[in-house]
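1. Sharing a sequence plus its predicted fold:
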Amino acid sequence: MSEDWMTVLREHRDSQGNGPTAKKIGYSATVVSQVLSGNYKGDLKAIQKAVEGGLMDMTVNCPVIGELPRNVCLLYQRREFAATNHVRVQLSRSCPTCPNRRGAA
């Protein structure tokens, strides 16, 4: 996809507002505002992946779940471990070495 993720984020925010845009990518409205104003101190690569999944329909192939949007992959990675949930157990084993993990090149 040739469109720049920051442009897509800005256009979506301009047409839908901070709140709906934030909800679509799984972050807060404050984060959206900070990213677009150039003041965000967090992981911009993670925001990029969230925008690509939530607003640009890009997907990843999860070794546990299969194909899913990039932003949903990030949401799974942020969830706490739960020994009572077999999917989270499998994700806790697969995510640390997955090429889709947050922080991977």
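-> Nice, I can see it. Values in this document were obtained by computation on a predicted structure and should not be read as measured data. Residues are numbered from 1 along each chain as shown.
2. measure the residue lying closest to residue 24 once chain neighbours are set aside to residue 22 for me?
-> Nearest non-adjacent residue to residue 24, counting by C-beta to C-beta, 6 or more residues apart in numbering: residue 54, 4.6 Å away. Bear in mind the C-beta positions are built from the backbone N, C-alpha and C, glycine included. Between residue 54 and residue 22 the distance is 10 Å, computed by C-beta to C-beta, to the nearest Å.
3. the more surrounded of these two?
-> Taking other C-beta atoms under 10 Å, residue 54 and residue 22 do not tie; residue 54 has more neighbours (25 against 20).
4. Out of the helices and strands in this protein, which is least certain?
-> The weakest-scoring helix or strand in the chain, judged by mean pLDDT, DSSP states H and E, is helix 70-78 (a mean of 88).
5. Buried residues, the helix or strand just after that helix. List them.
-> Reading on from helix 70-78 to the C-terminus, the next helix or strand found by DSSP states H and E is helix 86-94. Buried residues in helix 86-94, counted by 16 or more other C-beta atoms under 10 Å: 88, 91-92.
6. now residue 60: how far from residue 104?
-> According to C-beta to C-beta, residue 60 and residue 104 sit 11 Å apart.
7. Which one's more surrounded, the two?
-> Using other C-beta under 10 Å as the criterion, residue 60 and residue 104 rank with residue 60 on top: 22 against 10.
8. Pull out the buried positions in the least confident helix or strand of the chain.
-> Buried-residue list, helix 70-78, by 16+ other C-beta under 10 Å: 70-77.
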